[in-house]
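Trainee: with the input below, show me the fold.
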Amino acid sequence: MSDAFKEREKGFEAKYKIDQDKAFKVGTRRDKLFGLWLAGKLGLSGAAADQDANDVVASKFEKPGDDDMIAKVKKDIAAKGVAIDDKELLSKLNSLADDAARQVISEG
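Mentor: Sure thing, here's the model as predicted:
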């Protein structure tokens, strides 16, 4: 009987790892899409847009949560003098979470 419990435990651990990997990929994809959206709003394109999106993703790893990323984005918006309010930022971030999840799931 204990072998069956050990196998079940291993199965749960494997599923947990897969779920965590997927959640990380979705979060990172969301942040990249958010960075690309912001780059477009700031008038950036090509390599500059990609670099800005990568900077947005990197800012997320400073502290848990989205606060550090939002602070970075607000600073960039203010520096460029673009009018984007908090409501629009958070709304876009939330909608991109759904897009990112769909993309990651479709990639397998």
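Trainee: drop to CA atoms for contacts and neighbour counts, all remaining ones
Mentor: Will do.
Trainee: what is the helix of greatest length in the chain packed up against?
Mentor: Of all segments of type helix in the chain, defined using DSSP state H, the longest is helix 2-41. Applying 3 or more CA pairs under 8 Å, 6 or more residues apart in numbering; DSSP states H and E, we find helix 2-41 packed against helix 46-59, helix 86-107.
Trainee: let me have those in CSV, extended by mean pLDDT, distance to residue 70 and mean neighbour count.
Mentor: Below are the helices and strands packed on helix 2-41 laid out as CSV (pLDDT from 0 to 100; distance: least, CA to CA, whole Å; neighbours: other CA atoms under 10 Å):
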stretch, mean pLDDT, distance to residue 70, mean neighbour count
helix 46-59, 93, 9, 17
helix 86-107, 93, 8, 14
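Trainee: got these as JSON lines, with distance to residue 17 columns?
Mentor: Putting these into JSON lines (distance: least, CA to CA, whole Å) gives the following:
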{"stretch": "helix 46-59", "distance to residue 17": "22"}
{"stretch": "helix 86-107", "distance to residue 17": "16"}
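Trainee: out of these, nearest to residue 76?
Mentor: Residue 76 lies closest to helix 46-59 among the helices and strands packed on helix 2-41, at 9.6 Å (CA to CA).
Trainee: dump the closest one to PDB, restricted to CA.
Mentor: The C-alpha coordinates for helix 46-59 follow below in PDB (Å, rounded to 0.1, in the frame of the first residue of the first chain):
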ATOM      1  CA  GLY A  46      11.800  47.200 -33.800                       C
ATOM      2  CA  ALA A  47      14.900  46.500 -31.600                       C
ATOM      3  CA  ALA A  48      14.100  49.500 -29.300                       C
ATOM      4  CA  ALA A  49      10.600  48.000 -28.600                       C
ATOM      5  CA  ASP A  50      12.000  44.600 -27.900                       C
ATOM      6  CA  GLN A  51      14.600  46.000 -25.500                       C
ATOM      7  CA  ASP A  52      12.000  48.100 -23.700                       C
ATOM      8  CA  ALA A  53       9.800  45.000 -23.400                       C
ATOM      9  CA  ASN A  54      12.700  43.000 -22.000                       C
ATOM     10  CA  ASP A  55      13.400  45.800 -19.500                       C
ATOM     11  CA  VAL A  56       9.700  45.600 -18.400                       C
ATOM     12  CA  VAL A  57      10.100  41.800 -17.900                       C
ATOM     13  CA  ALA A  58      13.400  42.200 -16.000                       C
ATOM     14  CA  SER A  59      11.900  44.900 -13.700                       C
END
